[in-house]
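Peer 1: Predicted model and sequence below, questions to follow.
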Amino acid sequence: FGSDERTETYDRYAQESRNILNIEANLAFFPSQHAPLGQYEYPFELNLPNNLPTQFYCRSGQSSCFVKYHMEVRLHREGLFKPDVHHRQQMCILTNPRIYGQESIRLPPDTQDVNFCCCINKGSITLGADADKDIFHRNERFRVGFSVNNKSSVDVKRIKVFVREYVRWRAYGRTTSATRDVALVAFAPS
C-alpha cells in the first residue's frame with residue numbers, strides 16, 4: 001500500500017564574480033559630439049597592481065572557476081539610439097616569478113611501519129625525495145630524486161612520483177574543489 005512519503009530533489013547553483021581591477025581613462029572629449037574625419041591615437045601607460053592573480057580556468061563536474069583579464073576600448077556616443085562603439089580583447093597576465101631565492105624542494109626521509117592486517121608488523125620502510133628547484137614553467141622538465149630503504153619483509157612493487165594540482169573555490173557560501181595529477185612517473189624496482 002502507498003505511503004505519503006515523497007522525495008524532492010533540489011538543484012542549487014551558485015555564481016559569483018568580482019572585478020579585480022577596473023581602470024577607466026577618458027582619452028578625448030569632442031565638445032561638438034562629433035569626431036572630425038581622421039585617425040586619432042592616444043598613447044598612454046597603465047600600471048597594473050603587483051598582486052594580481054595569474055589567469056586560470058578549472059572545471060570539476062558542473063562547477064568551474066576562472067580568472068581572466070581583458071582590455072576594452074569604448075567610444076561613448078551621446079543619444080538614446082546611438083549605442084557606444086567598443087572592442088574587447090582578452091589579455092594574459094602572469095604573476096611575477098621569484099627571480100631570487102629559488103630553492104630546492106626536499107622531502108626529508110619519512111619512516112613508516114609496514115603492517116599486515118593492520119596489526120602484524122612486517123618491518124618498516126623509509127622514503128625521501130628532492131627536486132632541484134621550486135619554481136617551474138609549463139612544459140619544463142626537471143630533476144626529481146628519491147630514495148627508498150625497505151626494512152620490511154614485503155616487496156615494493158611500485159613507486160609513484162607525481163605533481164598534484166589542488167584548486168578550491170567558493171561562491172555564496174558553497175565550496176568545491178578539484179584535484180588532478182599534472183605529472184606522474186611510476187617505477188617498478190628491479
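Peer 2: Now that the structure is in, tell me what you want to look at. Fair warning: this is a prediction, and the values are worked out from it, not measured in the lab.

Peer 1: Count the residues that sit near the residue nearest to residue 77 when sequence neighbours are not counted.
Peer 2: Leaving aside its chain neighbours, residue 77 sits nearest to residue 84 (5.9 Å; criterion: CB to CB, 6 or more residues apart in numbering). (C-beta placed from N, C-alpha, C; glycine too.) If you count neighbours by other CB atoms under 10 Å, residue 84 ends up with 9.

Peer 1: Residue 84 and residue 78 touch, don't they?
Peer 2: No: the pair residue 84 / residue 78 is not scored as a contact, 9.9 Å apart, by CB atoms under 8 Å.

Peer 1: re earlier: pLDDT value on the residue nearest to residue 77, please?
Peer 2: Looking at residue 84, its pLDDT reads 80.

Peer 1: Kindly report the same for residue 2.
Peer 2: In this model, residue 2 carries a pLDDT of 59.

Peer 1: same question, residue 122
Peer 2: pLDDT for residue 122: 92.

Peer 1: what helix or strand is it on?
Peer 2: strand 120-131 (DSSP states H and E).

Peer 1: From the contact counts, what lies against the helix or strand following that strand?
Peer 2: Using DSSP H and E, the helix or strand that follows strand 120-131 in sequence is strand 144-152. When contacts are defined as 3 or more CB pairs under 8 Å, 6 or more residues apart in numbering; DSSP states H and E, strand 144-152 packs onto strand 105-116, strand 120-131, strand 159-171.

Peer 1: Any stretches of this protein with poor pLDDT?
Peer 2: 1-3, 20, 96-101 (pLDDT under 70).
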